[in-house]
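J.: just the structure for this:
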Amino acid sequence: MIISPCISICKTDPCTGYCYGCGRTSEEKRIWKIEDTTDEWKHNNLKIIRTRLTNWQLQSFEKSYEYKIENGISLFKKNLKNE
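T.: Okay, the predicted model is just below:
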């Protein structure tokens, strides 16, 4: 199973239509939720969204996504629990 790239920073840039947190479009988010979406599509989409993110945004995404894969929760949600 491939973990969703959502890192709980769900705000869409009005100019690009990309999520500030994960770099996906609304349509890509919808496709991720479809039960029949293939792992191949998800792998390809992860590659695409990584090209959309740059510098600190990409670093932040990678760190939070890796944490989510390992721990089942994004860094953002973890930090909310600790407040």
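J.: how about R24, nearest residue that isn't a chain neighbour?
T.: I49 (5.5 Å; C-beta to C-beta, 6 or more residues apart in numbering). Every C-beta, even on glycine, is put in place using the N, C-alpha and C of the backbone.
J.: any idea how far that neighbour is from N82?
T.: To N82, I49 is 27 Å away according to C-beta to C-beta, to the nearest Å.
J.: tell me which element K47 falls in.
T.: helix 39-52 (DSSP states H and E).
J.: average pLDDT for that helix?
T.: For helix 39-52, the mean per-residue pLDDT is 97.
J.: hmm, Y20 and D13 touching each other?
T.: Yes: at 6.0 Å, D13 counts as touching Y20 under the criterion of C-beta atoms under 8 Å.
J.: between the two, which one's more packed in?
T.: Remark: of D13 and Y20, Y20 carries more neighbours, 16 against 11, as counted by other C-beta atoms under 10 Å.
J.: I'd guessed that one sits against Q57; true?
T.: Yes: contact between Y20 and Q57 holds when scored by C-beta under 8 Å: they sit 7.5 Å apart.
J.: what bits of this structure have low per-residue confidence?
T.: Filtered on pLDDT under 70, the chain yields the residue ranges 83.
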